[in-house]
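> have a look; sequence and predicted model below, questions after that.
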Amino acid sequence: MVPILTLWLPILLSAVFVFIASSIIHMMFRYHANDMKKLPDEDAAADALRKLNIPAGQYIIPHAGSMQAMNSPEYQEKVKRGPGVILTIWPGGTPSMATNLTQWFLYSLVVGIFAAYVAGRALESGAHYLAVFRFVGVTAFACYTIAGWQESIWFKRAWSVTLKNTLDGLFYALITAGTFGWLWPR
């Protein structure tokens, strides 16, 4: 067993390396550029939403509120008429990536902590590189990807987007696993 505090360096460095890799993926390769589609009349839709003064949050149309209400003829008619909408509203203003990037780095640290915990409980100091790589890699892959699959299952996110995110997660897991294998205590 390897104490988690002993693994602070691979936790930190793997988060730094994943942060750099994700920046390269999103700025250079641009295969995520078409993940979101533009509304046909974006300005009219934005004007209509602005007039409603909807607070920030997540919304669904139609909204039933309960399982019982989902069976009502009124709700069923709304579903038939369409459209179905899942909507996230955030406040207006100039967006800042600083908060998102900080949260992404902290998330990568948390993934590293979980990977360190699993591998640290399963392996001893001096474990072979591939053993470390395997435990850390599968843990990091699960952390970076599997929860995102629910977005396609339940919330209609395009499977193509989920598959691209899964590919990203695989890259991040390989980076994390390689970092831990390299820096594992001897």
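That came in fine, so what should we check first? Numbering: from 1, shown residues only.
> show me what contacts E151?
The neighbours of E151, taking Cβ atoms under 8 Å, 6 or more residues apart in numbering as the test, are R157, T162. Bear in mind the C-beta positions are built from the backbone N, C-alpha and C, glycine included.
> output the host helix or strand of it as CSV - backbone C-alpha positions only.
E151 is located in helix 149-155, with elements delineated by DSSP states H and E. In CSV, the C-alpha atoms belonging to helix 149-155 read as follows (Å, rounded to 0.1, in the frame of the first residue of the first chain):
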residue,chain,number,x,y,z
TRP,A,149,-22.6,9.0,-21.2
GLN,A,150,-25.7,9.8,-19.2
GLU,A,151,-26.0,13.1,-21.1
SER,A,152,-26.7,11.2,-24.3
ILE,A,153,-28.9,8.5,-22.6
TRP,A,154,-31.2,10.9,-20.7
PHE,A,155,-30.7,14.4,-22.1
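> so what pLDDT did the residue positioned nearest the centre of the chain get?
With the centre of the chain defined as its mean C-alpha position, the nearest residue by Cα atoms, centre = their mean is G148, 5.8 Å away. In the predicted model, G148 carries a pLDDT score of 96.
> same check, this time on L9
For L9, the model assigns a pLDDT of 98.
> contact partners for the closest residue to it other than its chain neighbours?
Of all residues not flanking L9 in the chain, L183 sits nearest, at 5.5 Å (Cβ to Cβ, 6 or more residues apart in numbering). Shown here is L183, whose contacts under the criterion Cβ under 8 Å, 6+ apart are L7, L9, P10, L13.
> I'm done for today, thanks for sticking with me.
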